[in-house]
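Peer 1: Here's a sequence, model it:
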Amino acid sequence: MKRFVLAAGVAALMSGPALAETYETERGAIEVTPVAEGLADPWGIDFLPDGSMLITEKGGTLRTVSPDGTLSDPIAGVPDVDARDQGGLLDIAVHPDFARNRLVYFTFSEPGQGRVNSTALARGKLSEDGRGLSDVVVIFSQKPKVASTKHYGSRIVFDGDGRIFVGLGERSDEQFRGQAQDLKSHLGKVVRINEDGSVPPDNPFASGEGGLPEIWSYGHRNIQSAAINPATGQLWVVEHGPRGGDEINIAEPGKNYGWPKVSFGVNYNGSPVGTGEARAEGMVDPIYQWTPVIAPSGMLFYSGDAVPEWKGDLFVGGLRSQALVRLELDGGKVVHEERLLTDLGKRIRDVAQGPDGALYVITDESDASVLRIAGAD
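Peer 2: Numbers count the residues shown, from 1 in each chain. All right, here's what the predicted structure looks like:
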């Protein structure tokens, strides 16, 4: 159920009153307010200390959205991207000490010679006026580069101790996907690096013996959601399944998560995945799975006060489900699910928490929006 109200007093978000929608949820009423519109296929969102948002557009554009909802011109200095199909400029993450160093990190589909490409992580320094990036350098490039336009993965997570996790896809095509089980390939992996791209000495294959030194965990399909659980410090990832079997996994060092040997789903043509089984000895089961799929993208452990009833819940964007999925947790278990924003009929690409404690989501479309979610008070 929803009703429309004028969201008075949101001058910090928009230049004038915005038409907000009020929705009833299991935990009370919320208001959903448009903050900005006119984005072209946005993929990632993160906040700067002044409350502005950095947002990537898949075609290769990085923009800021000011607290009053104004879209900037494209920020200069972004490298060339291979924007075919699922590729392009992907996730964005502001360094935890941005106020001192002005560093931002971003992933993109990095072109190679011919038609090959790979997921790459770069960092650059945002100018004081916000108009350009300088000192841009690629600090990680997935190996090998392959001729595919799918399954780049790409979520960036700072762990709070000077390390960065990046969730990577296995590039989809049958001739590549088996490399998710190959420790001499970055395809279908979570990698963990230092903030300068070097390898932490406590990585499971840091010596290079037995696997590439950047690898943290393997056997993943296409990770487009990732976040640190603040209660445990562990990395949680959500990866796309094929026809069925989207998975939430707790990514632990050196562990194998099964793809493409096992899956709770089947291939798009209905044939079995790998062994046709959902589980196998030596491979870690997901803590939760969706069949039918939600097509997950973006993830957040909520800690704000704008909707205090949601504090501690996990939020995952849904593309196919056209929902923001709220999950209640009991330790490492999901005990309840609620799907929000389904009345909008919008694919949810990413979710973030603003400095005001509200939730912000970006929709996935050629004329997309940023939406702010807070309690109806």
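Peer 1: Distance of Leu212 relative to Gln142?
Peer 2: As judged by Cβ to Cβ, to the nearest Å, Leu212 and Gln142 stand 10 Å apart. Placement of C-beta: from N, CA and C, glycine included.
Peer 1: where do the strands sit along the stretch 1-150 of the chain?
Peer 2: For the stretch 1-150 of the chain, the strands defined by DSSP state E, counting those that start in this stretch cover 2-7, 18-25, 28-39, 42-47, 53-57, 61-65, 89-94, 103-111, 117-126, 133-141.
Peer 1: and the angle for the second one with strand 28-39?
Peer 2: By that I understand strand 18-25. If you take axes from the mean of the first three to the mean of the last three Cα atoms, to 10 degrees, strand 18-25 sits at 140 degrees to strand 28-39.
Peer 1: The last one too?
Peer 2: For strand 133-141 against strand 28-39, the angle by the same axes, to 10 degrees is 110 degrees.
Peer 1: circling back to that earlier point, identify the contacts common to Leu212 and Gln142.
Peer 2: Shared contacts of Leu212 and Gln142 (Cβ atoms under 8 Å, 6 or more residues apart in numbering): His186.
Peer 1: Who has more neighbours out of the two?
Peer 2: Neighbour totals were compared for Leu212 and Gln142, and Gln142 leads with 27 against 18 (other Cβ atoms under 10 Å).
Peer 1: pretty sure the more buried one contacts Ala120?
Peer 2: Yes. At 6.8 Å, Gln142 and Ala120 qualify as touching, with contact defined as Cβ atoms under 8 Å.
Peer 1: Can you work out which residues contact both of these two?
Peer 2: Residues touching both Gln142 and Ala120 (Cβ under 8 Å, 6+ apart): there are none.
Peer 1: follow-up on the earlier one: looking at the strands of the stretch 1-150 of the chain, which one has the lowest mean pLDDT?
Peer 2: For the strands of the stretch 1-150 of the chain, the weakest mean pLDDT is recorded on strand 2-7, namely a mean of 39.
Peer 1: Please report phi then psi for Thr342.
Peer 2: Dihedral angles of Thr342 (phi, psi; degrees, to the nearest 10) stand at phi -60, psi -30.
Peer 1: now Glu309
Peer 2: Note on Glu309: its backbone torsions stand at phi -70, psi -20 [degrees, to the nearest 10].
Peer 1: mind listing what it touches?
Peer 2: When contacts are counted by Cβ under 8 Å, 6+ apart, Glu309 touches Arg27, Gly28, Gly375.
Peer 1: Just confirm Gly178 is within a strand.
Peer 2: No. Applying DSSP: H, G, I helix; E, B strand; the rest coil, one finds Gly178 to be helix, outside a strand.
Peer 1: Isn't it up against Pro260?
Peer 2: Yes. Assessed by Cβ under 8 Å, Gly178 is found in contact with Pro260 at 6.3 Å.
Peer 1: Looking at the two, which is more packed in?
Peer 2: Set Gly178 next to Pro260 and count neighbours by other Cβ under 10 Å: Pro260 wins out with 20 against 16.
Peer 1: Against Glu239, how distant is the more buried one?
Peer 2: 12 Å.
Peer 1: Is the residue nearest to Val136 when sequence neighbours are not counted bridged to anything, and to what?
Peer 2: In space, and not counting its chain neighbours, Val136 is closest to Gly124: 3.8 Å by Cβ to Cβ, 6 or more residues apart in numbering. Here Gly124 sits in beta bridges with Val104, as judged by DSSP bridges.
Peer 1: and Pro308, which of the strands of the stretch 1-150 of the chain is closest to it?
Peer 2: With Cβ to Cβ as the criterion, Pro308 lies closest to strand 28-39 of those, at 9.5 Å.
Peer 1: Flag every buried residue along the closest one.
Peer 2: Ile30, Glu31, Val32, Thr33, Pro34, Val35, Ala36, Leu39 (16 or more other Cβ atoms under 10 Å).
Peer 1: Outside of it itself, list whatever touches it.
Peer 2: 5, 7, 10, 13-14, 18-23, 53, 55, 57, 63, 65, 69-71, 307, 309, 340-341, 344, 360, 362, 367-376.
Peer 1: Going along the chain, name the strands of the stretch 251-377 of the chain.
Peer 2: 288-290, 296-301, 314-318, 323-330, 333-340, 348-353, 359-363, 368-375.
Peer 1: Would you mind saying which of the ones you listed lies nearest Pro200?
Peer 2: That would be strand 296-301 among those, by Cβ to Cβ, at 22.6 Å.
Peer 1: one step back: contacts only, for the residue nearest to Val136.
Peer 2: Gly124 sits next to Gly77, Leu103, Val104, Phe106, Leu133, Ser134, Asp135, Val136, Val137 when contact means Cβ under 8 Å, 6+ apart.
Peer 1: One more pass at 7 Å, please.
Peer 2: Contact analysis of Gly124 by Cβ atoms under 7 Å, 6 or more residues apart in numbering lists Gly77, Val104, Leu133, Ser134, Asp135, Val136.
Peer 1: so Glu63 bridges to which residues?
Peer 2: Wrong residue type there; residue 63 is Arg, not Glu. Note on Arg63: beta-bridge partners by DSSP bridges are Ile55.
Peer 1: still on that earlier bit, reformat the strands of the stretch 251-377 of the chain as TSV; add distance to Val273, mean pLDDT and mean neighbour count.
Peer 2: Below are the strands of the stretch 251-377 of the chain laid out as TSV (distance: least, Cβ to Cβ, whole Å; pLDDT from 0 to 100; neighbours: other Cβ atoms under 10 Å):
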stretch	distance to Val273	mean pLDDT	mean neighbour count
strand 288-290	13	98	22
strand 296-301	18	98	24
strand 314-318	22	98	26
strand 323-330	23	98	19
strand 333-340	23	98	14
strand 348-353	26	98	24
strand 359-363	30	98	26
strand 368-375	32	97	22
